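*Asks:* model this:
(2 chains)
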Protein chains: 2
Amino acid sequence: MIKVVLFDLDDTLIDTTKLAEMARKNAIEGMIRAGMPVDFGIAYHELLELINEYGSNFSHHFDYLLRRLDLPYNPKWVAAGVINYHNTKMAHLKTVKGAKRTLLRLKEMGLRLGVITDGDPIKQWEKILRTEIEDYFDEVLISDFVGVKKPHRKIFEKAVGRFGVSPEEALMVGDRLYSDIYGAKQIGMRTVWFKYGKYASRELEYLEYADFVIRSLEDVVEIIRGIESEEREERSDKEVHAD
Amino acid sequence: MIKVVLFDLDDTLIDTTKLAEMARKNAIEGMIRAGMPVDFGIAYHELLELINEYGSNFSHHFDYLLRRLDLPYNPKWVAAGVINYHNTKMAHLKTVKGAKRTLLRLKEMGLRLGVITDGDPIKQWEKILRTEIEDYFDEVLISDFVGVKKPHRKIFEKAVGRFGVSPEEALMVGDRLYSDIYGAKQIGMRTVWFKYGKYASRELEYLEYADFVIRSLEDVVEIIRGIESEEREERSDKEVHAD
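*Replies:* Numbering: from 1, shown residues only, chains lettered A, B, ... in the order given. Alright, predicted model coming up:
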């Protein structure tokens, strides 16, 4: 029986990729409005390349962008980029469609819920607090804080340990076949791949570790009901055979 | 004749001190709401001490606060502090009472305006852009970008140089007797001390360098009119004597 449901955060509960794209586009538009003399398409393409090379947590995206575009350093343009980036992130940070309804239903069904996520602990908590989903969760495990990253088995073991359940009693829901699905399956958890966002067609070599594949988060409720009724049948079968 | 008016930014055009105080208080309240088990007064006092020791641009105020309070590191509390701090800064960043009206009147009088400020160029531009006062200014000089800090005479020389006026044709308005008033007076600018904010009763040993003292920013308009009519009188006196 499923007692605990563990969720990944980025692009599972919170629309991170869509938001980042919107924020970056608005940043470039803001820089151009502030006087940066570059075509939008060229600047946006260069910014994506830069993020790809330096990582998304690099804190000098906009000054480096000017260097890449052979433009003089201009703090007004950088500030305009920073403002538009943050304003977008503030205004549009949202949970994935159906996420809050799903969390509420699972709580009503008596399940305990947790989050297992990679990334900077403060930033991840910021997302949880800003979207006001913190009260749904009994445990939040952030890999940088625990010291291991998904798919390392230790973070999944730690999660089920905190809830005091066996891995078979826990369901992992995530958008990444490698870090979420393969990771959780290593210790014997049940796995639900949320085919969503930019990883919807990547890491398919780990598809075999997914027990279920969903395109809507709300389907998690049905999956748990299905597992429960299946197990009830198995038990009644056993009772029949025991007769 | 005055042709150019140069303004300091923090606590002259923009209410920085009041905002910082509000943001810090809200940050502590947010951390307590998120579960930090400390009395508000104790935590706020400790935060002020910490900022005093490490400077206001230090980026680990809230994690260090936990260390100082002998509390375990907790990214949820830190995130709650960061969110409340930034939300306050976003919502309440405002120009000083009368600032926009004053800038508009000076423009109507045909004066050219500039900003001379210390601090991080991107953060200073953020304040200017967020409060939407950028279009009033022909020149913005930020000391970290120029390479010297107020009261170094070079930043004042550079400012009048950019406008192509002599120091006597430029008026400096600022809240700090040392960096703004003594600084500008060194090169012979006229000076207006805006007695406002936390420096309203500090650095009084430099009071002699202030040509005028005001408590309301709008008084700058009258000061300029006064200088103009005085100079008109001097000119007509000379004409009389020349007869």
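
*Asks:* For the rest of this, base every contact and every neighbour count on C-alpha atoms.
*Replies:* Will do.

*Asks:* Tell me the residues of chain A that contact chain B?
*Replies:* Proximity of chain A to chain B, by C-alpha under 8 Å from any C-alpha of the partner chain, involves residues A:75-76, A:78-80, A:83, A:121-123, A:125-126, A:129-130.

*Asks:* could you point out the longest helix in chain A?
*Replies:* Determined from DSSP state H, the single longest helix within chain A is helix A:219-242.

*Asks:* what about the helix or strand in which A:Met31 is found, average pLDDT?
*Replies:* Using DSSP states H and E, A:Met31 sits in helix A:16-33. For helix A:16-33, mean pLDDT rounds to 94.

*Asks:* So which elements touch that helix?
*Replies:* In this structure, helix A:16-33 packs against helix A:40-54, helix A:75-92, with contacts taken as 3 or more C-alpha pairs under 8 Å, 6 or more residues apart in numbering or on different chains; DSSP states H and E.

*Asks:* Give me the buried stretch members for the longest helix of chain A, please.
*Replies:* Under the neighbour-count criterion of 16 or more other C-alpha atoms under 10 Å in any protein chain shown, helix A:219-242 has A:Asp219, A:Val220, A:Ile223, A:Ile224 buried.

*Asks:* Among those residues, which one lies nearest to chain B?
*Replies:* A:Val220 (26.8 Å; C-alpha to the nearest C-alpha).

*Asks:* where in chain A is pLDDT low?
*Replies:* A:57, A:240-243 (pLDDT under 70).

*Asks:* and it, what are its domains?
*Replies:* A:4-15+A:95-242, A:16-92 (automatic domain parsing).

*Asks:* so which of those comes closest to B:Gly164?
*Replies:* Smallest distance to B:Gly164 across the domains of chain A (C-alpha to C-alpha): 22.2 Å, for domain A:16-92.

*Asks:* so who does the nearest residue to A:Gly119 once chain neighbours are set aside touch?
*Replies:* Distances taken as C-alpha to C-alpha, 6 or more residues apart in numbering or on different chains put A:Asp144 closest to A:Gly119, at 6.0 Å, once the chain neighbours are dropped. With contacts defined as C-alpha atoms under 8 Å, 6 or more residues apart in numbering or on different chains, A:Asp144 is in contact with A:Asp118, A:Gly119, A:Asp120, A:Pro121.

*Asks:* same deal with A:Gly183?
*Replies:* Neighbouring residues of A:Gly183 by C-alpha under 8 Å, 6+ apart: A:Lys150, A:Pro151, A:His152, A:Arg153, A:Phe156.

*Asks:* Swap in 10 Å and give it another go.
*Replies:* A:149-156, A:172, A:176-177, A:189, A:191, A:206, A:209 (C-alpha atoms under 10 Å, 6 or more residues apart in numbering or on different chains).

*Asks:* and it, how far is that from A:Arg190?
*Replies:* 11 Å (C-alpha to C-alpha, to the nearest Å).

*Asks:* For stretch A:200-209, which outside residues touch it?
*Replies:* By C-alpha under 10 Å, 6+ apart, the list of residues contacting stretch A:200-209 reads A:175-186, A:188, A:190-195, A:213, A:215.

*Asks:* From these, which land in strands?
*Replies:* Counted as lying in strands by DSSP state E, out of the contacts of stretch A:200-209, are A:Arg190, A:Thr191, A:Val192, A:Trp193, A:Phe194, A:Val213.

*Asks:* show me the contacts for the closest residue in space to A:Asp180 that isn't next to it in sequence.
*Replies:* The spatial neighbour of A:Asp180 that comes closest, neighbours along the chain excluded (C-alpha to C-alpha, 6+ apart), is A:Gly174 at 5.4 Å. By C-alpha under 10 Å, 6+ apart, the contact set of A:Gly174 is A:6-13, A:116-117, A:180-181, A:184, A:191-196, A:213-214, A:217.

*Asks:* do A:Phe7 as well
*Replies:* Listed by C-alpha under 10 Å, 6+ apart, the contact set of A:Phe7 reads A:13, A:103, A:113-117, A:137, A:140, A:171-175, A:180, A:192.

*Asks:* Over to it: give its phi and psi.
*Replies:* phi -120, psi 140 (degrees, to the nearest 10).

*Asks:* what does A:Met172 give?
*Replies:* According to degrees, to the nearest 10, A:Met172 has phi -100, psi 130.

*Asks:* list the contacts for it?
*Replies:* A:Met172 touches A:4-8, A:114-116, A:156, A:180-181, A:183-185, A:189-193, A:210, counting by C-alpha under 10 Å, 6+ apart.

*Asks:* Beta-bridge partners for it, please?
*Replies:* A:Leu6, A:Thr191 (DSSP bridges).

*Asks:* Taking the ones in strands among the contacts of stretch A:200-209 together, which two end up most distant?
*Replies:* Farthest pair in the ones in strands among the contacts of stretch A:200-209, by C-alpha to C-alpha: A:Arg190 and A:Phe194, 13.2 Å.

*Asks:* more neighbours, these two?
*Replies:* A:Phe194 (27 against 22; other C-alpha atoms under 10 Å in any protein chain shown).

*Asks:* how much space between that one and A:Glu228?
*Replies:* 20 Å.

*Asks:* can you check A:Asn87 too?
*Replies:* 44 Å.

*Asks:* what's the answer for A:Tyr196, then?
*Replies:* 26 Å.

*Asks:* again, but for A:Gly41
*Replies:* For A:Gly41, the distance to A:Glu228 - C-alpha to C-alpha - is 51 Å.

*Asks:* Counting neighbours, what do you get for A:Glu205?
*Replies:* 10.

*Asks:* Can I take it that it is in a helix?
*Replies:* Yes. Counting by DSSP: H, G, I helix; E, B strand; the rest coil, one finds A:Glu205 located in a helix.

*Asks:* for the ones in strands among the contacts of stretch A:200-209, which one is nearest chain B?
*Replies:* Set against chain B, the nearest of these by C-alpha to the nearest C-alpha is A:Phe194 (26.1 Å).

*Asks:* ok, for the closest one, nearest residue in space, not its chain neighbours?
*Replies:* A:Asp175 (4.7 Å).

*Asks:* Isn't that neighbour up against A:Thr16?
*Replies:* No. Using C-alpha atoms under 10 Å, A:Asp175 is not in contact with A:Thr16; the gap is 11.6 Å.
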